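Q: Please work out how this folds:
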Amino acid sequence: MATTSSDEKQVMIVAVDDSEHSSYALQWTLDHFFTTLPNPIFKLVLLHAKPSATSAVGLAGPGAAEVLPIVDSDLRKIAARVVDNAKQICSKRSVTDVITEVVEGDPRNVLCDAVEKYHASILVVGSHGYGAIKRAVLGSVSDYCAHHAHCTVMIVKRPKTKH
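A: Numbering: from 1, shown residues only. All right, here's what the predicted structure looks like:
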């Protein structure tokens, strides 16, 4: 699938999930890289990492077999909604040449694997703004990608709102 013609656009992957941080990162990226130029230099890939039902439930044993299909169905609906919302953000800015993909798995691995698959030049992730303790417990996707993705990683932070 990958060709090496000299006029081929570089790939920019934007990680999308159901957070406001993700929506902001996508909007910021579109405003700075796609809507300001008549012919954007990047091919846009929107990527959502869908958790597996077992990782979302975190249980095994009696009863798990009945619960997992329901959880999986919900996760598929959430993934479809995430991708639809991201596509709407793009179309509102007249960005229509977009690839969307949903991949099941840990976002850290899914994003780094996608960088390899698409030979991406830039990976854009939103910053969830976790504190040090929550980040240490959950692990930061953006920190992981910054250290492991084989491309430039841009972490987009939302401006702090004044209360």
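Q: ranges for the helices of the protein?
A: Using DSSP state H, the helices of the chain run over 20-29, 53-57, 64-92, 107-118, 132-138, 141-148.
Q: Out of these, which gets nearest to Pro38?
A: For the helices of the chain, distance to Pro38 was read as CB to CB. The smallest value, 16.6 Å, belongs to helix 64-92. In this view, the C-beta of every residue, glycine as well, is placed from N, C-alpha and C.
Q: For that closest one, which helices and strands make contact with it?
A: When contacts are defined as 3 or more CB pairs under 8 Å, 6 or more residues apart in numbering; DSSP states H and E, helix 64-92 sits against helix 20-29, strand 42-50, helix 53-57, strand 98-104.
Q: angle of it against strand 42-50?
A: Here helix 64-92 runs at 160 degrees with respect to strand 42-50, directions being taken by axes from the mean of the first three to the mean of the last three CA atoms, to 10 degrees.
Q: buried residues in helix 64-92?
A: Neighbour-count burial for helix 64-92, counted by 16 or more other CB atoms under 10 Å, picks out Leu68, Val71, Asp72, Leu75, Ile78, Ala79, Val82, Val83, Ala86, Lys87, Ile89, Cys90.
Q: before we move on, what about stretch 44-59?
A: Within stretch 44-59, the residues that qualify as buried are Leu44, Val45, Leu46, Leu47, His48, Ala49, Lys50, Pro51, Ala53, Ala56, Val57, counting by 16+ other CB under 10 Å.
Q: any idea how far the last one lies from Gly63?
A: This points to Val57. For Val57, the distance to Gly63 under the criterion CB to CB, to the nearest Å works out to 10 Å.
Q: One more: the fourth one?
A: In this structure, Leu47 and Gly63 are separated by 33 Å, where distance is defined by CB to CB.
Q: can you check the first one too?
A: With the distance defined as CB to CB, Leu44 ends up 42 Å from Gly63.
Q: Same question for the second one.
A: The gap separating Val45 from Gly63 is 38 Å, by CB to CB.
Q: Give me the neighbour count for the spatially closest residue to Trp28 that is not a sequence neighbour.
A: In space, Trp28 comes closest to Val156 once its chain neighbours are excluded; the distance is 5.0 Å by CB to CB, 6 or more residues apart in numbering. Neighbouring residues of Val156 were enumerated by other CB atoms under 10 Å; the total is 19.
Q: Nothing else from me, thank you.
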